[in-house]
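**Q** predicted model follows, preceded by the sequence.
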Amino acid sequence: MAKKNRDKGAVTEDTTKMVGELEKPAVSEETSAPSQKPSSGKGKQTPAKKSDKPNIFRRMGKGIKGVVSELKKVTWPKGKDVGKSTLVVLVVVVAFFIILFGVDVVLTGLYGLITEGDWVNIV
């Protein structure tokens, strides 16, 4: 918004803004010039630029080489360590199976007592 100064007749910018009013972007001479659009089919067209990416098979090969190099860096466990870990996992699984089976038997029996008045055997 431009205001005329009554004393000197000069035009000055109004610095007061309303709440929520957006600033207008500054327009330079470079951006205000109309952009030149390419001609519609009659002019010389440039060929499509080829992608800078390598062939898909080269990229896949590079990825596989990376995986192999990382697998070589891994410290693999010895056979005894694997056996011990497997045994621990099996013992924990069996222990949880027994505990959950016991809880299931008890809860099923209690449910039978409440609904039918008689203990229900699963087995």
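**A** Happy to help now that I have it. Residues are numbered from 1 along each chain as shown.

**Q** what about this protein, any weak spots by pLDDT?
**A** Flagging of the chain using pLDDT under 70 yields the residue ranges 1-50, 123.

**Q** longest helix in it, by residue count?
**A** The longest helix of the chain (DSSP state H) is helix 79-115.

**Q** tell me which residues in that helix are buried?
**A** Residues of helix 79-115 include none that count as buried (16 or more other Cβ atoms under 10 Å). In this view, the C-beta of every residue, glycine as well, is placed from N, C-alpha and C.

**Q** leaving out sequence neighbours, find the closest residue to Lys53.
**A** Leaving out its chain neighbours, the residue that sits closest to Lys53 by Cβ to Cβ, 6 or more residues apart in numbering is Arg59, at 7.2 Å.

**Q** pull the number of nearby residues for that neighbour.
**A** Neighbour count of Arg59, defined by other Cβ atoms under 10 Å: 11.

**Q** who's in contact with Asn121?
**A** If a contact means Cβ atoms under 8 Å, 6 or more residues apart in numbering, then Asn121 has Gly109 as its contacts.

**Q** any chance of the backbone angles for it?
**A** phi -90, psi 130 (degrees, to the nearest 10).

**Q** against Leu100, how distant is it?
**A** Noted for Asn121: a distance of 18 Å to Leu100, by Cβ to Cβ, to the nearest Å.

**Q** next one: Lys80
**A** Lys80 is 31 Å from Leu100, by Cβ to Cβ.

**Q** next: Val74.
**A** Going from Val74 to Leu100 by Cβ to Cβ gives 35 Å.

**Q** and what of Gly63?
**A** Relative to Leu100, and taking Cβ to Cβ, Gly63 is found at 43 Å.
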